[in-house]
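Participant: I would like to see how this sequence folds:
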Amino acid sequence: MLGRHSVQSRLNSDQGISYTEFSYQVLQAYDWYHLYNKHGCRFQIGGSDQMGNIVSGHDLIKRKSGVEVFGLTLPLVTTESGDKLGKSAGNAIWLSENKTSSFEFYQFFIRTKDGDVEKLLKYFTFLPLEHIDEIMAKQKDKPESRTAQRKLAEHVTKLVHGEEGLSFCFAIISSMCSSGRNVKYLSSFSTSPSLVRIKN
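Facilitator: Predicted coordinates:
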């Protein structure tokens, strides 16, 4: 690690590098080494910000075990302003229904900014590019309709939570917009940090 340009440049800079930052790559490298020994894990995927960690793991396994392992990095999903999406940025959503309900999951994508929605449609759906172009044309004509956000939320929620999860979201929205109260769906609000229970 000390021979790496990225580490050397940090060591020689005014800000330096903390022990936590330096040791993190060592821990990540050992983590992959452990996964290789216990489970035969020879392939690791991560965001582009994980490149140093993946290279460290690759080097450690090659030195200790003499086997070739492989790493792949993908571009980070970022907002229009360049901020990354993820748990360290405080705006994570989870695939597990226990951590993010299907309704909150759906709402996360409905709230996508206009400047980000086209990119996310291309990243997270299997819609043909021509169809995405049509959706974006409708969005530009009438942005208040949020056509692109609705399509994004529908497709991603269905992909992760299935037809049942998506139908559940539509039922909640319908309940919220109607004058009646549908008790069956109100329980889904109990764990939502973005909604407040009002008692009569």
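
Participant: Pretty sure Phe124 sits against Val156.
Facilitator: Yes - at 5.1 Å, Phe124 and Val156 qualify as touching, with contact defined as C-beta atoms under 8 Å. To be clear about C-beta, it is placed using only N, CA and C from the backbone, and glycine gets the same treatment.

Participant: Of these two, give the one with the bigger neighbour count.
Facilitator: Comparing Phe124 with Val156 by other C-beta atoms under 10 Å, the one with more neighbours is Val156, at 21 against 15.

Participant: give me every residue that touches that one.
Facilitator: Val156 makes contact with Phe105, Phe109, Phe124, Thr125, according to C-beta atoms under 8 Å, 6 or more residues apart in numbering.

Participant: If we use 6 Å, what do you get?
Facilitator: Phe109, Phe124 (C-beta atoms under 6 Å, 6 or more residues apart in numbering).

Participant: Report the residue spans of the chain with pLDDT below the cut-off.
Facilitator: Where the chain drops to pLDDT under 70, the residues are 1-3, 86-91, 178-200.

Participant: mind listing the strands for it?
Facilitator: Assigned by DSSP state E, the strands in the chain fall at 43-47, 70-74.

Participant: looking at those, which is buried most?
Facilitator: With neighbours taken as mean count of other C-beta atoms under 10 Å, these reach their highest mean count in strand 43-47, at a mean of 14.
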